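Participant: Here is my input; please provide its structure:
(one chain, ligands or ions: 2)
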Amino acid sequence: MKEIKAIVRPFKLDDIISSLHKIEGLPGLTISEVKGFGRTKAKDAADSFQDGLHDYVKRTKIELVVNNNIFEEVVNVIQTTAHTGNPGDGKIFVIDVSNTVRIRTNERGEQAI
Ligand SMILES: Nc1ncnc2c1ncn2[C@@H]1O[C@H](COP(=O)(O)OP(=O)(O)OP(=O)(O)O)[C@@H](O)[C@H]1O
Ligand SMILES: [Mg+2]
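Facilitator: Ligands and ions are numbered 1, 2, ... in the order given. Next comes the predicted model:
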């Protein structure tokens, strides 16, 4: 099992979700609004804002845990759909997941995703 954690431009979210819905076996996902910065300092970005002492940009985080047989397709779909080619397009992180619990059914592991 892999967790895919993608930080993307908010205006790209609808297109990304539409693309993800086309992947067979996609089990679910979580979305949150986040702020942060990358290697390039946020204050140099057109969409940056100051909060306290520091500068940030607003981005959307998509988190999903999927079986090993579809994670590469998920990563490719997000990368392709989120890309503009400009600084600030975001990052995709892939993390090994050791277990999943489906609370209602008490299933464990891949079948619980
Ligand atoms: N190493 C990281 N760890 C956690 N979050 C990150 C990391 N790098 C980027 N992010 C998140 O992704 C957002 C967008 O990052 P961004 O695409 O600007 O990265 P970058 O390294 O500056 O690359 P680019 O040169 O393409 O702008 C950041 O605001 C932050 O929320
Ligand atoms: Mg940047």
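Participant: Within range of ligand 1, give me the residues from the chain.
Facilitator: 7, 34, 36-40, 57, 59, 87-91 (C-beta under 6 Å from any ligand atom). Every C-beta, even on glycine, is put in place using the N, C-alpha and C of the backbone.
Participant: For these, pick the one with the most neighbours.
Facilitator: When neighbours are counted by other C-beta atoms under 10 Å, Arg59 leads the residues of the chain next to ligand 1 with 24 neighbours.
Participant: what sits opposite that one in the beta ladder?
Facilitator: Arg59 forms beta bridges with Val34, as assigned by DSSP bridges.
Participant: Could I get the contacting residues of it?
Facilitator: Under the criterion of C-beta atoms under 8 Å, 6 or more residues apart in numbering, the neighbours of Arg59 are Ile7, Val8, Arg9, Pro10, Glu33, Val34, Lys35, Gly36, Gly90.
Participant: try 7 Å
Facilitator: Ile7, Val8, Arg9, Pro10, Val34, Gly36, Gly90 (C-beta atoms under 7 Å, 6 or more residues apart in numbering).
Participant: And for Ala46?
Facilitator: So Ala46 contacts nothing (C-beta under 7 Å, 6+ apart).
Participant: What residues sit buried inside the longest helix seen in the chain?
Facilitator: Assignment by DSSP state H gives helix 71-82 as the longest helix of the chain. Residues of helix 71-82 classed as buried: Phe71, Glu73, Val74, Val75, Val77, Ile78, Gln79, Thr81, Ala82 (neighbour count, 16 or more other C-beta atoms under 10 Å).
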